[in-house]
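S.K.: Quick one: sequence and predicted model below, then my questions.
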Amino acid sequence: MAEAPAYRQSPLGIFGKAILGLPVLLAGCTVVPKASGPATPPPPVEKPRSELPDDQVRNRVALLVPLSGPNAPVGQSIANAATMALIDTGSTSVRMTTYDTATGAPAAAQRALADGNKLFLGPLLSEDVAAISPAARKAGIPVISYSNDATVAGDSIYVMGFSPAQAIDRVVHYARGRGIKRFAALIPGGGYGRIASTAMIRSVENAEGSLVAMKSYDRAKPRALERAVADLGRDQGYDAVLIADSARLALAAIPLVRKSSSPQARILGTELWATEPSALKAATLGGAWFASVPDDRYRQLAVAYRRQFGKSPFRLASLGYDSMLLVAKISRDWKPGTRFPHAALRDEDGFVGVDGAFRFGPSGVAQRALAVQEASPAGVKTVSPAPASFKE
């Protein structure tokens, strides 16, 4: 557990001056249980007690991310970016404390509740969101998670992660508007593949296109991708094929597509491609389209982050930054000591952050204004800009 210090300074902003003097924030906190003799009955189970001092002028906000284990670098990146946003906004009414979910998300949530936090930012993993949701709902604490799993959203649980369904819908409609009608799809096995396949079916139907073939493959099986590509064109050709996987896997799939019955098919990708900028410069991917949040402001955030921490942030760090921007905005009308104003999260005009415009829909899933990008050896270029707001 680590607490972000109180900053009483004017906002510096990643879009103006550099962020200076950001301290190291995330030290560990471990509680060692007392030993008991064999004849002594076990003590009654008690709820965690707060280790933090009272604060009458700021609202407590808990950041629940992994700070140890295999996902620690991502969690640390999110935590650092959230703290940058707290400094940039100059907010004096929010007190953020970070809790490590890698040692047990439910235990982290219980500590956060005992410390008097009124809002949870995170967790990162969908299974951790599901694990803490009952306690959060019982306490009336809303959760703004960094997961992209829409199935965990609803009833005061919000999903802020990048949605494959929205990215697929955006790129399919863009392609349809450019005269592409016959679509195909290569879908990996697993949870992401199930979301992608459902989204592809709905998107093509809504765009009044035709889904002529969709094949799945198991990444762990040799030649599974090759067989899936071969099966795509057995019956009829297609104008475009969605590769619902990483850009690096697309590099392996595209040569197979070019040797198939549809060598001129346009290649489409998902939001995953935005996390692999180096792969997008490969000549093999040239001309491929994918939808993602706009990157202009994220690049500025990355420059400020590298200046401060000496390394690049993980792409998901922007979620930490934008969630804290949202909290800082709402905190202007959030009286310390009161419940977090749930209704403020339903603002139809939404919010604008590093990743552009977003708002939470009725389901609790973040709706995002996405851009369509085209891969090129010279660098990714925007072929259809994201709307600046939901009023456009």
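M.R.: Received it, and whenever you're ready, just let me know what you need. Computed from a predicted model, the values in this text were never measured in an experiment.
S.K.: Every contact and neighbour count from this point should use C-alpha atoms.
M.R.: Noted.
S.K.: Could you pull out the strands in the stretch 151-300 of the chain for me?
M.R.: Counting by DSSP state E, counting those that start in this stretch, the stretch 151-300 of the chain has strands at residues 157-159, 182-188, 210-217, 240-243, 266-269, 289-292.
S.K.: List the contacts of the first one.
M.R.: Strand 157-159 has contacts (CA atoms under 8 Å, 6 or more residues apart in numbering) with 133, 142-150, 152-153, 360, 364-366.
S.K.: Between those, identify the one with the most neighbours.
M.R.: Top of those by neighbour number is Ser145, holding 30 neighbours under the definition other CA atoms under 10 Å.
S.K.: Find me whatever residue is spatially closest to Thr284, sequence neighbours aside.
M.R.: Spatial nearest neighbour of Thr284, chain neighbours left out: Leu251 (6.4 Å); criterion: CA to CA, 6 or more residues apart in numbering.
S.K.: so the one you found sits right up against Ala288, yeah?
M.R.: No: when contacts are counted by CA atoms under 8 Å, Leu251 is not listed as touching Ala288 (10.9 Å).
S.K.: which one of those two has more residues nearby?
M.R.: Neighbour totals were compared for Leu251 and Ala288, and Ala288 leads with 22 against 17 (other CA under 10 Å).
S.K.: confidence score at Ala39?
M.R.: We have a pLDDT of 40 for Ala39.
S.K.: what does the one 5 residues further on give?
M.R.: Reading off the per-residue confidence, Pro44 sits at a pLDDT of 43.
S.K.: now Gly233
M.R.: pLDDT, read off for Gly233, is 77.
S.K.: wait, isn't it in contact with Ser260?
M.R.: Yes: contact criterion CA under 8 Å: Gly233 and Ser260 qualify, at 6.7 Å.
S.K.: So for His342, which of the strands of the stretch 151-300 of the chain sits nearest?
M.R.: Nearest of these to His342, taken as CA to CA: strand 157-159 at 10.5 Å.
S.K.: give the contact list for the residue nearest to Ala378 when sequence neighbours are not counted.
M.R.: Among residues not flanking Ala378 along the chain, Lys281 sits closest, at 6.6 Å (CA to CA, 6+ apart). Taking CA under 8 Å, 6+ apart as the contact definition, Lys281 lies against 375-380.
S.K.: Mind doing that once more with 7 Å?
M.R.: By CA atoms under 7 Å, 6 or more residues apart in numbering, the residues touching Lys281 are 375-379.
S.K.: avg pLDDT for stretch 193-209?
M.R.: Mean pLDDT, computed over stretch 193-209, is 97.
S.K.: Any stretches of the chain with poor pLDDT?
M.R.: Applying pLDDT under 70 to the chain flags the ranges 1-56, 235, 392.
S.K.: what's the domain layout of it?
M.R.: According to automatic domain parsing, the chain comprises the domains 53-161+297-360, 164-292+371-384.
S.K.: Of those, which is nearest Lys391?
M.R.: Closest among the domains of the chain, using CA to CA: domain 53-161+297-360, at 7.0 Å.
S.K.: isn't Gln367 right next to Asp355, touching?
M.R.: No: between Gln367 and Asp355 there is no contact under CA atoms under 7 Å: 11.6 Å.
S.K.: mind listing what's buried in the longest helix along the chain?
M.R.: Of all the segments of type helix in the chain, defined by DSSP state H, the longest one is helix 72-89. By 16 or more other CA atoms under 10 Å, the buried positions in helix 72-89 come out as 72, 74-89.
S.K.: so can I have CSV of the domains of the chain showing distance to Lys391?
M.R.: Converted to CSV, the domains of the chain look like this (distance: least, CA to CA, whole Å):
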stretch, distance to Lys391
domain 53-161+297-360, 7
domain 164-292+371-384, 16
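S.K.: Can you show me the helices along the stretch 251-392 of the chain?
M.R.: For the stretch 251-392 of the chain, applying DSSP state H, counting those that start in this stretch gives helices covering 296-309, 317-331.
S.K.: State the distance from Asp333 to Pro341.
M.R.: Distance, Asp333 to Pro341, using CA to CA, to the nearest Å: 9 Å.
S.K.: Same drill for those two, tell me which one is more crowded.
M.R.: Legend: neighbour count by other CA under 10 Å for Asp333 and Pro341, higher for Pro341 (15 against 12).
S.K.: quick one: contacts of stretch 253-264?
M.R.: Contacts for stretch 253-264 (CA under 7 Å, 6+ apart): 226, 229-230, 233, 237-238.
S.K.: again, 10 Å this time
M.R.: 186, 225-241, 243, 247, 250, 265-267, 284-285, 288 (CA atoms under 10 Å, 6 or more residues apart in numbering).
S.K.: List buried residues within the residues you listed.
M.R.: 186, 225, 228-230, 232-233, 237-241, 243, 247, 250, 265-267, 284-285, 288.
S.K.: quick revisit: filter the contacts of strand 157-159 down to just the ones in strands.
M.R.: 143-145, 360, 366 (DSSP state E).
S.K.: how far is stretch 373-384 from where the chain is centred?
M.R.: Relative to its parent chain, stretch 373-384 has a centroid offset of 22 Å by CA atoms, centre = their mean, to the nearest Å.
S.K.: Next, the buried residues of that stretch.
M.R.: Buried residues in stretch 373-384, counted by 16+ other CA under 10 Å: 373-376, 380, 382.
S.K.: which of those residues sit farthest apart?
M.R.: Most distant of these, by CA to CA, are Ser376 and Thr382, 10.7 Å apart.
S.K.: Touching both of these two, which residues are there?
M.R.: When contacts are counted by CA under 10 Å, 6+ apart, Ser376 and Thr382 are jointly contacted by Trp289.
S.K.: Pick out the residue closest to the middle of the chain.
M.R.: Nearest to the mean C-alpha position of the chain, counting by CA atoms, centre = their mean, stands Gly161 at 2.8 Å.
S.K.: Give the closest residue to it in space, chain neighbours not counted.
M.R.: Asn148 (4.1 Å).
S.K.: mind checking how far that neighbour is from Asp355?
M.R.: Distance of Asn148 to Asp355, given as CA to CA: 15 Å.
S.K.: again, but for Ala388
M.R.: Ala388 is 11 Å from Asp355, by CA to CA.
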